[in-house]
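J.: here's my sequence, what's the structure:
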Amino acid sequence: MTLVCSLVLGSAVVLELLQKLTPDRHARLLDASEKVVGGLLGILLASIALRLIERWTAASDV
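T.: Here you go, the predicted model:
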């Protein structure tokens, strides 16, 4: 889980920083924070979905 969070959050920050290198793009803190929050929400929803699937498959095995 630590690796996943590091990859998602790190890529969000790196992508925003790379926008500073191009003259036609504007890197903003608000955009970076939106990417980070979106990544965290995606990780949270995926982990909830995996836990629900585990419960359903465990309940059907009984």
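J.: does anything pack onto the helix ranked longest in the chain? Which helices or strands?
T.: What stands out as the longest helix in the chain, according to DSSP state H, is helix 29-61. For helix 29-61, the elements it packs on are helix 2-18, judged by 3 or more Cβ pairs under 8 Å, 6 or more residues apart in numbering; DSSP states H and E. Quick note: C-beta positions are derived from backbone N, CA and C, even for glycine.
J.: list the buried ones in the helix it packs on?
T.: 8-9, 12, 16 (16 or more other Cβ atoms under 10 Å).
J.: report the central residue of the protein.
T.: Closest residue to the average C-alpha location of the chain: Gly39 at 2.1 Å, with Cα atoms, centre = their mean.
J.: ok, the closest residue to it other than its chain neighbours - contacts?
T.: Take Gly39 and drop its neighbours on the chain: the residue closest to it by Cβ to Cβ, 6 or more residues apart in numbering is Val8, 4.0 Å away. The contact partners of Val8, taken as Cβ atoms under 8 Å, 6 or more residues apart in numbering, are 39-40, 42-43.
J.: put together JSON lines for those residues, with pLDDT on each row.
T.: JSON lines is the format used below for the contacts of Val8 (pLDDT from 0 to 100):
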{"residue": "Gly39", "pLDDT": "94"}
{"residue": "Leu40", "pLDDT": "94"}
{"residue": "Gly42", "pLDDT": "95"}
{"residue": "Ile43", "pLDDT": "95"}
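J.: please pick the buried ones from those residues.
T.: Here, 16+ other Cβ under 10 Å leaves 39, 43 buried among the contacts of Val8.
J.: could the contacts of Val8 be laid out in TSV, adding distance to Arg25?
T.: Below are the contacts of Val8 laid out as TSV (distance: Cβ to Cβ, whole Å):
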residue	distance to Arg25
Gly39	19
Leu40	23
Gly42	23
Ile43	26
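J.: so Gly39 touches Gly10, yeah?
T.: No - if you go by Cβ atoms under 8 Å, Gly39 and Gly10 don't touch, sitting 9.6 Å apart.
J.: tell me the spacing between the residue nearest to the centre of the chain and Leu17.
T.: 15 Å (Cβ to Cβ, to the nearest Å).
J.: just Leu29 next, same as before
T.: 11 Å.
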